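Visitor: model this:
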Amino acid sequence: MASRSSAGQLATKLGAWPALATAAQFLCIAIAAFGVFSGARKLDYKTAAGFTLLLSLAASPSIWAHDWPLAAAALAVIAAARPHWPPAIQAMALVFWVTPFIPLFGLSTIAAPIIVLVFVAAVSLWVFGE
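Guide: Residues are numbered from 1 along each chain as shown. Predicted coordinates for the structure are as follows:
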């Protein structure tokens, strides 16, 4: 079976005990909640809305291909709010966009959650750094 993506599942795939994997997931949820709170206070409405959609993917205990409309909506809303993306973020968005296909074809069991978390972190740095 193909792999699902989340911080807790990544920890499990890397050999963490179930309690540590659960703690990793709760930490990711707490960081995402802080990001939503900070985004609501510091970002314009459209960027904050797209950022919240993106953070909901990172905080989710399971992300799978059927959740990808949420990723598409997050990218579309952020693109509407910020039409000029740095080239590095554009390249990362392309990799992020194809992430659901990685586990479907058995290419990697840990790449998908890493890509999701790294992309969310990069977007966080970008939207708060401007």
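Visitor: How about residues contacting the lengthiest helix in the chain?
Guide: In the chain, with assignment by DSSP state H, the single longest helix is helix 18-42. The contact list for helix 18-42 (Cβ atoms under 8 Å, 6 or more residues apart in numbering) reads 6-12, 16, 47-48, 51-52, 55-56, 58-59, 61, 117, 124, 127-128. In this view, the C-beta of every residue, glycine as well, is placed from N, C-alpha and C.
Visitor: mind checking pLDDT for the residue lying farthest from the centre of the chain?
Guide: In the chain, counting by Cα atoms, centre = their mean, Trp17 sits farthest out from the average C-alpha position, at 23.0 Å. pLDDT for Trp17: 92.
Visitor: ok, now Gly129?
Guide: 90.
Visitor: and what of Leu107?
Guide: 68.
Visitor: Past the lowest-mean-pLDDT helix or strand in the chain, which element shows up next along the chain?
Guide: Each helix and strand of the chain was given a mean pLDDT (mean pLDDT, DSSP states H and E); the minimum falls on helix 101-104 at a mean of 72. Following helix 101-104 in sequence order, the next helix or strand is helix 111-129 (DSSP states H and E).
Visitor: So which elements touch that next one?
Guide: Counting contacts by 3 or more Cβ pairs under 8 Å, 6 or more residues apart in numbering; DSSP states H and E, helix 111-129 packs against helix 7-13, helix 18-42, helix 45-59, helix 87-98, helix 101-104.
Visitor: Can I get that helix in PDB? Just the C-alpha atoms.
Guide: Output of helix 111-129 as PDB, limited to C-alpha atoms (Å, rounded to 0.1, in the frame of the first residue of the first chain):
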ATOM      1  CA  ALA A 111       9.700  11.700   0.500                       C
ATOM      2  CA  ALA A 112       6.100  12.900   0.500                       C
ATOM      3  CA  PRO A 113       5.800  14.000   4.100                       C
ATOM      4  CA  ILE A 114       9.300  15.600   4.000                       C
ATOM      5  CA  ILE A 115       8.300  17.600   0.900                       C
ATOM      6  CA  VAL A 116       5.000  18.800   2.400                       C
ATOM      7  CA  LEU A 117       6.700  19.900   5.600                       C
ATOM      8  CA  VAL A 118       9.700  21.600   3.900                       C
ATOM      9  CA  PHE A 119       7.400  23.400   1.400                       C
ATOM     10  CA  VAL A 120       5.100  24.700   4.200                       C
ATOM     11  CA  ALA A 121       8.200  25.900   6.100                       C
ATOM     12  CA  ALA A 122       9.600  27.600   3.000                       C
ATOM     13  CA  VAL A 123       6.200  29.300   2.300                       C
ATOM     14  CA  SER A 124       6.100  30.400   6.000                       C
ATOM     15  CA  LEU A 125       9.500  32.000   5.700                       C
ATOM     16  CA  TRP A 126       8.600  33.700   2.500                       C
ATOM     17  CA  VAL A 127       5.200  35.100   3.500                       C
ATOM     18  CA  PHE A 128       6.400  36.400   6.900                       C
ATOM     19  CA  GLY A 129       9.700  37.600   5.500                       C
END
